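Novice: Sequence first, predicted coordinates after that:
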Amino acid sequence: MAQVKNMIVEILFVAILLFGTIAFALVTILLNEVAKQKMQASYPAQDTIELVVSGDPAEGGTFISALVNVHGYHFAPEKLDSDGKAIPCFYKTKVGVTDVDVRVSNAIIPDDTPNYSPKKGLASYIRKRWGLFWVSLFWPIRHIHYFPLIKARLAKGPQKEGGTLTDLIETEKEPIKVSNLRWKFPRPIYVKEAEASDLLKVSLVLYVNFQVVEPTKPVLTYGGSFFTELESTVSSLVAGKISENSQPDFIKKFPKGPTPEFFNEVLSIINPALITQFGVEVVFGYILEAEYDKTAEEAERAAEIANLEGQAEINRKTKQGDAEIALAERQAKAKIALAGGEAQAISTIATAQAGAFAAKLAAVGPNTGILMEQIRTDGLTGFKGTVLSLGGQGAGIMVNAPAEPPKASVSTPPVEPPKAPVPTETKEKAGKKPKDRGII
């Protein structure tokens, strides 16, 4: 009996072991199939991210978790403390050569991040051992999220003769639905005709490597169509940097090829803003190809010529201004001299006339009547009115003086007016001294 019991126990054990082995095999096969179909489980490719959601996020669905298959990194959902407040989580990004902390949530962070170390357990073991990530038992209520993505890449083969910079970039015409987002991805970006400080144009093709930090932002917030906004942001940043430099200076500072200067001084500057806005950062980037209005030598020569022309114009304007000032000064001095000469001439004439009159007065002595008659005669000679009355106590004499002759017309020469008649002297009574007569 004892042998029979032992045999039965052995048979049961083998059956259970066989059943367990078969069951395990079946479960493994089943899990493998559902993981391939991305149903209850999934096999995310290395360095990719898949998002688990409930329902459709575009129609009010909910984000559940992220499946991150990146060595040395893990997905860290936001944690709450005992008071229900979020425990801060910081991610180090590069700005130039400096590490800058940026606060993040639901982020892909290094395994050694304080307060956010990865969980350890059976699921973690299975992920590391077989690369299988559990999604949910309640598929399809909870499922892997698919989203549209427009891919862009560098064109294969040599550039066409006579081609443009845009020929270097191949962009899908229609978005493709994908289930994952690459943790790091390169992206060619075209910067079109940015204007340098010397007004010369610069066009570039950049080759930029991005890294995802907060996967929910590009996938759920922007619905996968975040590349347009991301490229526009980077392009505007580079155009602003070009405008700060002349074309020759920009070429010297940032040559083509994978040099660190362009990343450190230009692209990395906006990493904190890119993480906050788009959930990605720039890990490296450089100028792949460039087109300039002129070569560096031509641009420098143009700058020198423009400088010389500008200096020549300044000199010309300065000399012209100096000449105008000198002319104005000479004219002012001439006017002053002319005014002084006229004043001197008037003064000299007045002095001479006063001396002559004094001499005449001394010559006539007491016979001033003769001098008075001469004064009246001189006054009549310069008179241009119609009637002149000369008188005094004696008999008055009315003399008709000729009016001013009419002005000559254009067609007939002017007629010389007749001379005024010379007034006759009035005989004075003999033995009597004539009295002064005034002009009325």
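Specialist: That came through fine.

Novice: Now residue 55: closest residue in space that isn't a chain neighbour?
Specialist: residue 61 (3.3 Å; Cβ to Cβ, 6 or more residues apart in numbering). No exception for glycine: its C-beta is placed from N, CA and C like everyone else's.

Novice: got a pLDDT number for the one you found?
Specialist: Looking at residue 61, its pLDDT is 78.

Novice: what's the answer for residue 271, then?
Specialist: What the model reports as pLDDT for residue 271 is 95.

Novice: ok, now residue 403?
Specialist: 50.

Novice: now swap in residue 369 and tell me
Specialist: At residue 369, the model reports a pLDDT of 67.

Novice: okay, and the helix or strand of the chain with the least pLDDT?
Specialist: One helix or strand of the chain scores below all others by mean pLDDT, DSSP states H and E: strand 397-400, with a mean of 49.

Novice: Do you have the helices of the protein handy? List them.
Specialist: 2-36, 122-130, 216, 227-243, 247-253, 260-265, 271-278, 296-364, 368-381 (DSSP state H).

Novice: Any idea which of these gets closest to residue 105?
Specialist: Closest of those to residue 105 is helix 216, at 8.9 Å (criterion: Cβ to Cβ).

Novice: Touching that closest one from outside, list them.
Specialist: Residues outside helix 216 that contact it (Cβ atoms under 8 Å, 6 or more residues apart in numbering) are 51, 63, 66, 106, 279.

Novice: what number of residues lie near residue 213?
Specialist: 24 (other Cβ atoms under 10 Å).

Novice: so it makes contact with residue 104?
Specialist: Yes - Residue 213 is in contact with residue 104 according to Cβ atoms under 8 Å; the separation is 6.0 Å.

Novice: what's the overlap in contacts for the two?
Specialist: What both residue 213 and residue 104 touch, as defined by Cβ under 8 Å, 6+ apart, is the set 91, 275.

Novice: quick one on the thing from earlier: to residue 136, which of the helices of the chain lies closest?
Specialist: Between those, helix 2-36 lies closest to residue 136; by Cβ to Cβ that is 10.9 Å.

Novice: If you count contacts, what does that closest one end up packed against?
Specialist: Secondary-structure packing of helix 2-36 (3 or more Cβ pairs under 8 Å, 6 or more residues apart in numbering; DSSP states H and E): strand 41-42.

Novice: and the strand it packs on, what's its mean pLDDT?
Specialist: Model confidence over strand 41-42, given as mean pLDDT, is 90.

Novice: neighbouring contacts of it?
Specialist: Strand 41-42 is contacted from outside by 31, 34, 35, 50, 67, 132, 133, 134, 135, 144, using Cβ under 8 Å, 6+ apart.

Novice: ok, and the most crowded of these?
Specialist: residue 50 (25 neighbours).

Novice: From the recorded domain assignment, give the ranges for this protein.
Specialist: The record's domain parsing of the chain by automatic domain parsing lists 2-144, 147-299, 300-364, 368-404+418-440.

Novice: Out of those domains, which one sits most buried?
Specialist: For the domains of the chain, the largest average neighbour count (mean count of other Cβ atoms under 10 Å) is found in domain 147-299, namely a mean of 17.

Novice: Give me the distance from that domain to the chain's centre.
Specialist: Here domain 147-299 is found 20 Å from its chain centre; the criterion is Cα atoms, centre = their mean, to the nearest Å.

Novice: same thing with stretch 2-10?
Specialist: Worked out by Cα atoms, centre = their mean, stretch 2-10 lies 92 Å from the chain centre.

Novice: swap in stretch 33-40?
Specialist: 53 Å.

Novice: and it, C-alpha only, in PDB?
Specialist: Provided in PDB are the C-alpha atoms of stretch 33-40 (Å, rounded to 0.1, in the frame of the first residue of the first chain):
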ATOM      1  CA  GLU A  33       1.200  37.300 -28.400                       C
ATOM      2  CA  VAL A  34      -0.800  39.900 -26.500                       C
ATOM      3  CA  ALA A  35       2.500  41.900 -26.000                       C
ATOM      4  CA  LYS A  36       3.100  41.800 -29.700                       C
ATOM      5  CA  GLN A  37      -0.400  43.000 -30.300                       C
ATOM      6  CA  LYS A  38       0.100  45.600 -27.600                       C
ATOM      7  CA  MET A  39      -3.000  44.500 -25.700                       C
ATOM      8  CA  GLN A  40      -2.600  43.500 -22.000                       C
END
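
Novice: Name the residues that touch it?
Specialist: 31, 41-43, 50, 132-137, 139-140, 143-144, 179.

Novice: Stretch 146-156 now?
Specialist: Contacts of stretch 146-156 (Cβ under 8 Å, 6+ apart): 167-172, 174-179, 181, 187-188, 207, 219, 223-225, 227, 288.
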